[in-house]
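Participant: Return atomic coordinates for the entry below.
(one chain, ligands or ions: 1)
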Amino acid sequence: MPPIDKRLFTDAMRLAATAVSVITTDGEGGRVGATVSSFCTATADPPQMLACLYTAGTTPAVLRRNGVFCINLLERGQQHVADSFAGRIARWKDDRFACDKWTHLATGSPVLEKTLIALDCRLTHEMTLSTHTVFVGEVIALATAGGMPLLYADQNYQRLAEPGVVNLEDFQL
Ligand SMILES: Cc1cc2nc3c(=O)[nH]c(=O)nc-3n(C[C@H](O)[C@H](O)[C@H](O)COP(=O)(O)O)c2cc1C
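Facilitator: As a prediction, the model looks like this:
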């Protein structure tokens, strides 16, 4: 079988809705972060998360050196944080962290105040996959502030409908 066309693949996957997070790290290598939608739970026992980052970006080398990271799952009102850590906002280009307030848990990685979920991780594995690096970390501390997630689909930020908006009586079953 010939390899599938790359454009066909990316156009199809654009339709998949994902949560949005900012992966951060701090330590000897410095303090950096990037917006990621390629992240998920890897295992629950032990609790491990994984994230895929473009290897030639700034974050992977620093994260590797620090050996720790935090995945901050964004709340629906935190689109400005996603844009800042994607390098999309000119006034925060030199300091992405200036977009909001930060604290920390166990590893010292920046934790966004009032984020949906913060998963503070110790790096345990990494694997290079063509252009990207997959980082796996064991969750050693977490915090939740509640709220609703910020989503991304079809190249735009999206929100879940308010509970109750979909009414079963509106459907003919
Ligand atoms: C909604 C959204 C999701 C993104 N997801 C990823 C991702 O999963 N992996 C990735 O490498 N870049 C992703 N990016 C792009 C990075 O956030 C962007 O290239 C950033 O500038 C990388 O920072 P760095 O070069 O400092 O590492 C995403 C951007 C947006 C807006």
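Participant: for Glu126, what are its contacts?
Facilitator: Contacts of Glu126 were listed using CB atoms under 8 Å, 6 or more residues apart in numbering, and they are 64, 133-136. C-betas here are computed from N, CA, C, even on glycine.
Participant: Can you select the buried ones from those in ChimeraX?
Facilitator: Typed into ChimeraX, the next command selects the buried ones out of the contacts of Glu126 (criterion: 16 or more other CB atoms under 10 Å):
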select :133,134,135,136
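Participant: can you list the contacts of Glu126 in JSON lines and add distance to the ligand and pLDDT?
Facilitator: Formatted as JSON lines, those follow (distance: CB to the nearest ligand atom, whole Å; pLDDT from 0 to 100):
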{"residue": "Arg64", "distance to the ligand": "12", "pLDDT": "98"}
{"residue": "Thr133", "distance to the ligand": "9", "pLDDT": "98"}
{"residue": "Val134", "distance to the ligand": "10", "pLDDT": "98"}
{"residue": "Phe135", "distance to the ligand": "11", "pLDDT": "98"}
{"residue": "Val136", "distance to the ligand": "15", "pLDDT": "98"}
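Participant: So which of the contacts of Glu126 belong to helices?
Facilitator: Taking DSSP state H, the ones among the contacts of Glu126 that sit in helices are Arg64.
Participant: Closest to Thr43 out of the contacts of Glu126?
Facilitator: Distance from Thr43 was checked for each of the contacts of Glu126 by CB to CB. The minimum falls on Val136, at 9.0 Å.
Participant: which intervals of the protein have sub-threshold pLDDT?
Facilitator: By pLDDT under 70, the weakly predicted segments of the chain are 164-173.
Participant: how about the strands in it?
Facilitator: Residue ranges of the strands in the chain, as given by DSSP state E, are 18-19, 21-25, 32-36, 39-44, 47-54, 68-73, 102-104, 110-112, 117-129, 132-144, 150-153, 156-159.
Participant: For Val111, list each beta-bridge partner.
Facilitator: Val111 has these beta-bridge partners by DSSP bridges: Thr103.
Participant: To clarify, my last question referred to Thr128.
Facilitator: Under the criterion DSSP bridges, Thr128 forms beta bridges with Thr133.
Participant: what's the closest non-adjacent residue to Gln79?
Facilitator: For Gln79, ignoring the flanking residues on the chain, the nearest one in space by CB to CB, 6 or more residues apart in numbering is Tyr157 at 5.2 Å.
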